[in-house]
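Student: Predicted model and sequence below, questions to follow.
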Amino acid sequence: MARATIPFGPQHPVLPEPIHLSLVVEDEKVVEALPTIGYVHRGLEMLAAKRDYNQMIQVVERVCGICSMIHSLCYCQGLEEMMGVEVPRRARMLRVVWSELHRLHSHLLWLGLFADSFGFESLFMQLWKIREKVMDLNEATTGNRVIVSVNVVGGVRADLDEAQIRWIKDTLVEVEASIRSLQSTIMNDSTVCKRTVGVGVLTKQAAYDLGAAGPMLRGSGVAQDMRQLKYAGFDEIAFEPIVETSGDCWARSTVRFRESLQSIDLVRQALDRLDGSELAAKVKGKPEGEVITRVEQPRGECLYYLKGNGDKFLQRVRIRTPTFANIPPLAAILPGLDFADVPVVVLSIDPCISCTER
Amino acid sequence: MFGSFLKKSQIKSPWLMHFDCGSCNGCDIETLACLTPVYDVERFGIINVGNPRHADVLVVTGTVNRRNAVILKNIYDQMPTPKLVIAIGACGCSGGVFREAPNVLGGVDKVIPVDVYVPGCPAKPEAIMDAVVTGLAKLGKILEVA
Amino acid sequence: MTEAYIGLLVLWPLVAGLACLVLRGPTARSALVLATGVALAAGGLALASQAPFTANPGFMASATAIHIAQAAAFLLPAFFLFKGLQEKHLLVIVFALAQLALAATGEFYLPAAAAAQNAVVVDGLSLALMLVVCFAGSLICFFALPYMKHHEEHLKLPVSRQPGFFLVMLAFLGLMNGLALSNDMRLFAMFYESTTLCSFLLIGHDRTAEAKQSAMRALWMNSLGGVLLHGGIILIQKQYGLADIQAIVTPTLWAGASLLPLALIAAAGCVKAAQMPFQGWLLGAMVAPTPVSALLHSSTMVKVGVFVALRLAPVLQGTTTGKVLCLVGAFTFFATSAMAMGQSNAKKILAYSTMANLGLIIACAGIGTPVAIAAGIVLLVIHAATKGLLFLCVGDMEQAIGSRDLEDLRGMISKTPTTALAATAGAMAMILPPLGMLVGKWAALEAAAASPVAMVFMALGSALGVVCWVRFAGTLMGGKSVGVQPAHTSVLSTGPILAMLAGAVGLGMAAPWLNALLLPAELANPFAGGWGLMPPMFVLAMVAWIIGMKALSRQGNATLAAPYIGGLPSNEAGSYVGPLGRNWILSEGNPYAPEIFGESQWTKIAGALGALLLLALLGGAII
Amino acid sequence: MKMLPTILSNLFSAPATRNYPFFVREPFAGARGELINDIDKCIFCGTCARKCPSQCLEVTKDKTEGTWSLSFFSCIGCGVCVDACPVNCLSQKTTHRPVATERAVITMRGKLPEKPAKKTEAAQ
Amino acid sequence: MNLNTFYLAVAGLILAPLLGGLVAGLDRVVTARLQSRMGPPLMQPFFDVGKLMSKVIPPASHWQGMFVRWALIASLASDALLAAGGDVLMCFFVQAASACFVAMGAFSGNSPYSKIGAQRELFQMLAYEPVFLVAILCMAKAAGGFDAFSMMSGSEPLLFKLPLIVPGLLFVVLVKLRKSPFDISASHHMHQEVVRGIYTDYAGRDFALLEIAHWADVTVVLWICSFLWATGPLQMLATALITLFVALVIDNISARLTWRTMLKTVAPISLILAAANLVWLYLE
Ligand code: SF4
Ligand code: SF4
Ligand code: SF4
Ligand code: SF4
Ligand code: SF4
Ligand code: SF4
Ligand code: SF4
């Protein structure tokens, strides 16, 4: 049987982002997969030497344009911890609102791309049509569709008025109904199941051993979610991680599907808890010391290590992103797959290369 | 008549190819959003193709770093002429917020000629549509002259 | 004069072969082989110009000839028995003994059959086979001259075995001619058995363990065929006292009678034509030098099988035996096409495709209408040219690169351009309209309107064949071009290839007229029915050819675009700069879907089904 | 199969497409679009340039005149400068910045305020 | 061959690709509407081809130009054949030849995606050709002749005698239109692991000609489908349009399958149904 090499990427239509996989296939079955990254590396962490700790908020937001808000949230939380700032309750709840809206649009986006990876174009279109409503919510409340720039050290820069809160709630009712109408397609459609059920199975033990994160981990049956750490406003909000056990592409998409509904619920809970407190606390002094903070991004656990030495420039900013954690499990499940399933499985980890390489 | 039909069709059928040349995904996703129902650039005859040999318009997002510059050049060279290049976002225009980062070259025009720049971070889908229209108008002028 | 030509066709090759044995020099051998080829071609054409005719040349019509045939009926099995004992091969022994017993029954216990009215009867069918032998066979013998020289250089033999080899090769042609021409069952049986002998000798020529094993397998299977044939002959002898083939194949003779004798003979044909489950011997024949495979596959041996079936066809029309035979052929067509799909060994692909096409001819024979028979003969002729061409090409490429695996033959277009292009053209000739094979297949499908199941098998086999050949041709055309490497060339290897190519294409284009020639007078309009489509299609094909060549000449000198490999830079043709900044080879390989087209499971399952169908063939005749 | 109701209802209802550029939706009130400077108000204090995360502003001044230049290709529209400006002369339109075919920098000149020293004193 | 046949053939030669282009335009508009989009103008495919015609690009292989032109001629020939009332079986074989040329051209290209696309195209041919062939045999049996005229001149719709070949024909249409779930060798849309698959290496003018050949193919396939209700030209048009619409709907409600699934399940099932129909015709 003859072996063929298929260079998959870095410019490849299935993946909007550049990563390269040298796939060796035999009879269109993968026998070897060698990943290469570095095509979107920018050297972002080193910008900390040139941008002060406040300016870095805008920089770390651009680690990734999909869950940008959650990056700045994590960064700001780290600084707040380092500098001992108490964030007002309204700001913490607003952070939940926007971070969950980000998760919602990220999951819809991902579900769409996932659908497209197995050639279900109309599902992609439908999901992205729904997503536009969420993008409108972002734009109307913060001024930008994608990179909302609401976080500052000590709180947030934007606020919601009553009319906006009502509008968000109304829109979310519509969005929820539209998402639910696609549930049977994503979870039960026969052709979809043909492509997802039993494809790219990652066992619970392997997920744990290889250090998977986020929906990839929860799809394999491990109930771990950084929101359990009760950062931002999660201390007051009822939250239970969503878990599936089959560990295949179906489980990962189902986790994300259910999480998008859960996010809507979390936004509602947070909106109900908005009180009249300040938007941002006053911040005094310069960051000093080191701190590690973690948040749950749509793709999983994200970790920031920050070190300040009393200067306005941070001495070190290190970011470990969820996709980075999910690449070893991916490399483990690729061999043995049908070549046609490679994009499905690669997308099932929700690869975000720009955060992996920063 | 046939000749003018061919000229017209070059403006009526821009197939675009998107390359993420070191972006943060913000602009990529906005570019992709252009294809979806609310924006639907297929109205202009635009198809997103994944293959430079079929593309007329190269849409580049991102900062351009030392590693992907050669890939960008490769893809550009593989496109048939006449071709348009659209640089998307602050990153594509100049390197944006990252232009002083160590691995960033800073802007698509450092590697290949750019026809239209779309500022913004991320560029809005409307702005991207504007860019295509502007680019095609530019192409139309070139064709008329030639 | 006619008789002299017949003598030339049958005896000259034998004599020339013997001369090869005596004059051992390569020059003399080449001269002899070339002379034989020319003589056969000339003789064949001379005879063809007179057809149809009957004749009684002394060496075939005399009592001595019959005596020789009777003696051969004992001597040949005796030789097989000897071989079987020598190799301790049980099946060979059993079948040789059975043959001896049958020969004895025919000779001593039954009244002798009446001699045939005419010893030689030449009609369209025999003419077709004879011309195939004279032209395709001769070309293959020419090709064998440089091939065997190279082959022996490669094996580093101390003493050349070529004299013996060419003796058998040439004699084979003569015997085949005899078989095509003879109208007496006893003579026919003698030629039939002697082809078994020749193929046994040729397959075992290399004397390796594998060659020996394959030769023995061919021997036992074909001896079984011999047993069936003799069984049929003896039943006819007992029932009618006939040995005149023309008399036997008149449908009125069999009205109301059991067709068992004919079923037996048809089954013998199936064995020779390597129909399921007897595909094994023809596959094994692949170990022999390529000219042998080419000879066995295109112009001799297997053609005996379909020749027999087509001979009997008029009687089979509309009978159960005919229907089952049609199924046997159609099923083999389908099953072997599927097995070809799962193969990367180029010679095995050719082998399976041979069986498939023979299956199609057998199916035509089973249908038995004049239209179907004509289609079968057209297929027989064109298959000979096309398959001969493909074998020669693969043999030539194999000698150039030392492998016969399709994966290694990838991109041969840049190494041995002429041969690879000829092979591509051959592959196309197998599948494309308006070339002959496809046209024959189409005629067969339309003629098969009587049997829905056979039609479904044919539809499947047809698709499988198309896919298999496109992949074959595509693989030769594709791949990385690593620059033209000089390969050995000889006029005697490219010459026959080009001649075969001309034959395959020319005959393919002439198919409607060929078909018309073979039909009875009232149907013999070359453009009746769908055949009328052919002339416009030729015109179109010509136009396409010209336009395509223009495009080729325009693009042929263009600098090629760098390959699109996801934007990665390439260092040199066929590689790219991949992980770790290293240079990675862009290797290529076809998927063969072994879980669907795996050889072993098909051999088992399809073999069993084929065996069942063959039993049904015999059983159907008894009932 | 499960998608059938959705696509059929799509077929029989109006498309979701906004026919841009023939139809332009009213931008959201708070949208952060094109950055503009009411240069007459600007005091060329340079706060915006210091705070800008993208470092795309440059403010210089000589004795009587100041220049404020924005390399708008690098502006990320974050609005930090708008927030920081002490005299609120910076603002962001709700519409996006038009596309350009050339690289350019926006440079604005203005008179320095009458008594800069006084102003600083007053602030103190 | 009389003059009438000749005119018909020429009409088929010219009209069929145009019809195919319209079908492609209709396809894109209806697909867009099913996805809640406005979609391109109806004439968009013609602009696309015009655009491709005027592009300048080096070929990926010296042979592609030749194969493309052969494919185009074969496709047009199958159209003309059908229009002139020729043998439908031969029309099918001629069209298969066109597909073979396209695959050969892709094989001779230099990108790995093009070659995988060609391989997959072959597997697709393997899956749909027998089904299509058996369907045509069924039609021939039910109509009493292999030529297009006898299939078009029935007094009563063939559909009543041939209900079981409908799934098979739909399968063929989906494959030929390159629609989900069978857009395996080349997808119209960007996101496929093999890029544009078999079309990856074709570009510029060659690609434009290929597109025209594809239009001609689509016309032939839809035309053959319309034989199912061939009691008059309007009915045939309606049948073809309904077939097209059903194919588009299926495209929009299903994911792409793999060639293994196609070869192991879809193809055998539709073939068995069609074969059952054939046997049934004989038993009747
Ligand atoms: S190990 Fe520490 S000191 Fe050394 S290069 Fe890394 S960060 Fe710098
Ligand atoms: S732990 Fe991080 S820095 Fe260390 S080798 Fe791994 S990826 Fe590199
Ligand atoms: S996916 Fe990665 S890069 Fe994108 S927002 Fe999330 S963590 Fe950031
Ligand atoms: S990894 Fe990035 S920051 Fe480090 S040297 Fe390389 S380019 Fe520079
Ligand atoms: S311009 Fe902004 S949104 Fe676009 S890629 Fe750059 S950082 Fe991301
Ligand atoms: S909007 Fe942000 S990036 Fe732009 S000039 Fe102001 S601070 Fe700088
Ligand atoms: S901060 Fe305001 S006043 Fe100061 S320089 Fe900037 S725009 Fe002018």
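Tutor: Thanks, I have the structure now. Ligands and ions are numbered 1, 2, ... in the order given.
Student: Could you report the separation of the residue in the stretch 101-250 of chain C positioned nearest to chain E from residue E:174?
Tutor: Of all residues in the stretch 101-250 of chain C, residue C:128 sits closest to chain E, at 23.8 Å by C-beta to the nearest C-beta. To be clear about C-beta, it is placed using only N, CA and C from the backbone, and glycine gets the same treatment. For residue C:128, the distance to residue E:174 (C-beta to C-beta, to the nearest Å) stands at 44 Å.
Student: Among the two, which residue is more densely surrounded?
Tutor: More crowded of residue C:128 and residue E:174, by other C-beta atoms under 10 Å in any protein chain shown: residue C:128, with 25 against 22.
Student: quick one, what contacts the more buried one?
Tutor: C:377, C:380-381, C:518 (C-beta atoms under 8 Å, 6 or more residues apart in numbering or on different chains).
Student: Contacting ligand 7 as well, which ones from those?
Tutor: Here nothing survives when the contacts of residue C:128 are matched to ligand 7 using C-beta under 6 Å from any ligand atom.
Student: In a helix, residue D:25, correct?
Tutor: No - remark: residue D:25 does not belong to a helix; assigned using DSSP: H, G, I helix; E, B strand; the rest coil, it is coil.
Student: if I read this right, it contacts residue D:19, doesn't it?
Tutor: No - at 10.2 Å, residue D:25 does not count as touching residue D:19 under the criterion of C-beta atoms under 8 Å.
Student: Spit out the residues that contact those two alike.
Tutor: With C-beta under 8 Å, 6+ apart, residue D:25 and residue D:19 have no common neighbours.
Student: Could you list every helix and strand that whichever helix or strand residue C:17 is part of packs against?
Tutor: Using DSSP states H and E, residue C:17 sits within helix C:2-22. Helix C:2-22 makes packing contacts with helix C:26-50, strand C:53-55, helix C:58-61, helix C:162-181 when contacts are defined by 3 or more C-beta pairs under 8 Å, 6 or more residues apart in numbering or on different chains; DSSP states H and E.
Student: Show me where the stretch 251-400 of chain C has its strands.
Tutor: Remark: no strands are assigned in the stretch 251-400 of chain C by DSSP state E, counting those that start in this stretch.
Student: so which residue of it comes closest to chain E?
Tutor: Counting by C-beta to the nearest C-beta, the stretch 251-400 of chain C gets nearest chain E through residue C:341, at 7.5 Å.
Student: Now do the same contact list for the closest residue to that residue other than its chain neighbours.
Tutor: Nearest non-adjacent residue to residue C:341, counting by C-beta to C-beta, 6 or more residues apart in numbering or on different chains: residue C:597, 4.3 Å away. Contact analysis of residue C:597 by C-beta under 8 Å, 6+ apart lists C:338-339, C:341-342.
Student: Check what pLDDT residue C:597 gets.
Tutor: Per-residue confidence at residue C:597 stands at 83 (pLDDT).
Student: quick one, what contacts residue A:243?
Tutor: A:218, A:221-223, A:255.
Student: and the residue of the stretch 151-284 of chain E at minimum distance from ligand 3, what is it in contact with?
Tutor: Residue nearest to ligand 3 within the stretch 151-284 of chain E (C-beta to the nearest ligand atom): residue E:191, separated by 18.5 Å. By C-beta under 8 Å, 6+ apart, the residues touching residue E:191 are A:13-14, A:113, A:116-117, A:119, A:343, B:50.
Student: What of residue D:67?
Tutor: Contacts of residue D:67 (C-beta under 8 Å, 6+ apart): D:44, D:58-61, D:107-110.
Student: can I assume it sits in a helix?
Tutor: No - read with three-state DSSP, residue D:67 is strand and lies in no helix.
Student: that older thread, can you list contacts of the helix holding residue C:17?
Tutor: C:28-29, C:32-33, C:35-36, C:39-40, C:43-44, C:46-47, C:50, C:53, C:55-60, C:120, C:130, C:134, C:162-164, C:166-175, C:177-178, C:181.
Student: switch the cut-off to 6 Å
Tutor: With contact meaning C-beta atoms under 6 Å, 6 or more residues apart in numbering or on different chains, helix C:2-22 is reached by C:29, C:32, C:36, C:39, C:43, C:46-47, C:55, C:57, C:163, C:166-167, C:170-171, C:173-174, C:177-178.
Student: filter these to the buried ones?
Tutor: Among the contacts of helix C:2-22, those classed as buried by neighbour count (16 or more other C-beta atoms under 10 Å in any protein chain shown) are C:29, C:32, C:36, C:39, C:43, C:47, C:55, C:57, C:163, C:166-167, C:170-171, C:173-174, C:177-178.
Student: Stretch B:113-124: end-to-end distance?
Tutor: Chord length of stretch B:113-124, first to last residue, is 22 Å (C-alpha to C-alpha, to the nearest Å).
Student: Let me know the average pLDDT across that stretch.
Tutor: 88.
Student: Which parts of it count as buried, going by neighbours?
Tutor: B:114-124.
Student: that older thread, so how far is the helix or strand hosting the residue of the stretch 101-250 of chain C closest to chain E from its chain's centroid?
Tutor: Per DSSP H and E, residue C:128 falls inside helix C:124-132. Counting by C-alpha atoms, centre = their mean, to the nearest Å, helix C:124-132 is centred 13 Å from the centre of its parent chain.
Student: what's the following helix or strand after it?
Tutor: Criterion used, DSSP H and E; the element after helix C:124-132 is helix C:138-155.
Student: Show me the contact partners of that following helix.
Tutor: Contacts for helix C:138-155 (C-beta under 6 Å, 6+ apart): C:30, C:33, C:37, C:40, C:160, C:162, C:169, C:289, C:291, C:294-295, C:392, C:399, C:490, C:492-493, C:496, C:499-500.
Student: Give the buried subset of those as a PyMOL selection command.
Tutor: Entered in PyMOL, the line below selects the buried ones among the contacts of helix C:138-155, by 16+ other C-beta under 10 Å:
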select buried, chain C and resi 30+33+37+40+162+169+289+291+294+295+392+399+492+493+496+499+500
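Student: how about the residues of chain A near chain B?
Tutor: Contacts of chain A with chain B, taken as C-beta under 6 Å from any C-beta of the partner chain, map to A:10-11, A:13, A:16-18, A:38-44, A:46-47, A:50, A:59, A:62, A:64-66, A:125, A:128-129, A:132, A:146-147, A:354.
Student: give me the subset of these touching chain E.
Tutor: Of the residues of chain A next to chain B, the ones that also sit near chain E (C-beta under 6 Å from any C-beta) are A:13, A:125, A:129.
Student: Residue A:305 - that's part of a helix, no?
Tutor: No - using three-state DSSP, the assignment for residue A:305 is strand, not a helix.
Student: Please name the nearest non-neighbouring residue to the residue of chain B found nearest ligand 3.
Tutor: Residue nearest to ligand 3 within chain B (C-beta to the nearest ligand atom): residue B:25, separated by 5.6 Å. Spatial nearest neighbour of residue B:25, excluding adjacent residues (C-beta to C-beta, 6+ apart): residue A:65 at 4.2 Å.
Student: does that neighbour really touch residue A:146, like I thought?
Tutor: Yes - contact criterion C-beta atoms under 6 Å: residue A:65 and residue A:146 qualify, at 5.2 Å.
Student: which neighbours do these two share?
Tutor: B:26, B:122.
Student: What's the per-residue pLDDT of the residue of the stretch 101-250 of chain E found nearest chain C here?
Tutor: Going by C-beta to the nearest C-beta, chain C is nearest to residue E:107 of the stretch 101-250 of chain E, at 2.9 Å. On the pLDDT scale, residue E:107 is placed at 88.
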